[in-house]
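# following is a predicted model, sequence given first.
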Amino acid sequence: MAAITRPHHTGLHVASLERSLAFYRDTLGFEVIFAWNPQAPYIGELVGYPDVDLHSAILRMPNSEVFLELLEYRNVQQAAAESRAAPSGTAHIAFFVDDLDALYEVLHAKGVESVSAPVTPTIGPNEGGRAVYLLDPDGIRVELIQTRRSFAEYAAELPR
């Protein structure tokens with residue numbers, strides 16, 4: 001049977017590629033692997049916008065071989081996401097951090113917005129750790145988590 005074999009990348013649609021690069025590269029420390037403006041008929045068909053002028057950058061997520069693709073769709077009608085609402089179809093990305101409060105202070109001083117100040121989870125896999133939802137320039141939520149265990153480690157601790 002055919003199967004998914006491993007992660008490839010996570011893609012985010014952004015209003016301004018340059019603005020988002022400044023956030024993910026310069027503020028969060030992602031590594032730019034390459035940027036491009038691919039031109040081929042299959043791209044419009046793939047994304048569902050035949051006349052799209054797609055500008056993209058591929059970034060390596062810190063300490064991993066998983067990539068983040070930032071996509072700016074030009075020649076396409078766009079609407080901003082409502083970052084304070086929870087509409088179906090939106091998503092967030094999350095990253096482990098080693099000292100959430102210190103990193104939050106640095107990011108906050110740089111003007112990065114967040115949904116709240118860092119919180120301490122009281123239940124579940126992140127109990128006793130620290131967590132915060134940041135907002136990227138397009139209102140996409142970026143969760144930072146300081147915790148002692150992964151989801152898999154937590155699940156292994158659950159009664160069977």
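Perfect, I can see it now. Fair warning: this is a prediction, and the values are worked out from it, not measured in the lab.
# going forward, measure contacts and count neighbours with C-alpha atoms only.
Noted.
# run through the helices of the chain in chain order.
Counting by DSSP state H, one finds helices in the chain at the ranges 17-21, 41-47, 100-109, 151-157.
# single out the most deeply packed of those.
Comparing the helices of the chain by mean neighbour count (mean count of other CA atoms under 10 Å), helix 17-21 comes out on top with a mean of 18.
# tell me what that one is packed against?
When contacts are defined as 3 or more CA pairs under 8 Å, 6 or more residues apart in numbering; DSSP states H and E, helix 17-21 sits against strand 53-60, strand 67-74.
# run through the bridge partners of the residue nearest the centre of the chain.
Centroid-nearest residue in the chain, with CA atoms, centre = their mean: residue 93, separated by 3.8 Å. Using DSSP bridges, the bridge partners assigned to residue 93 are residue 142.
# which residues touch it?
Each residue near residue 93 by CA atoms under 8 Å, 6 or more residues apart in numbering is listed here: 141, 142, 143.
# per-residue confidence for it?
Note for residue 93: predicted pLDDT of 94.
# against residue 62, how distant is it?
As judged by CA to CA, to the nearest Å, residue 93 and residue 62 stand 13 Å apart.
# so which of the helices of the chain is nearest residue 76?
With CA to CA as the criterion, residue 76 lies closest to helix 41-47 of the helices of the chain, at 10.7 Å.
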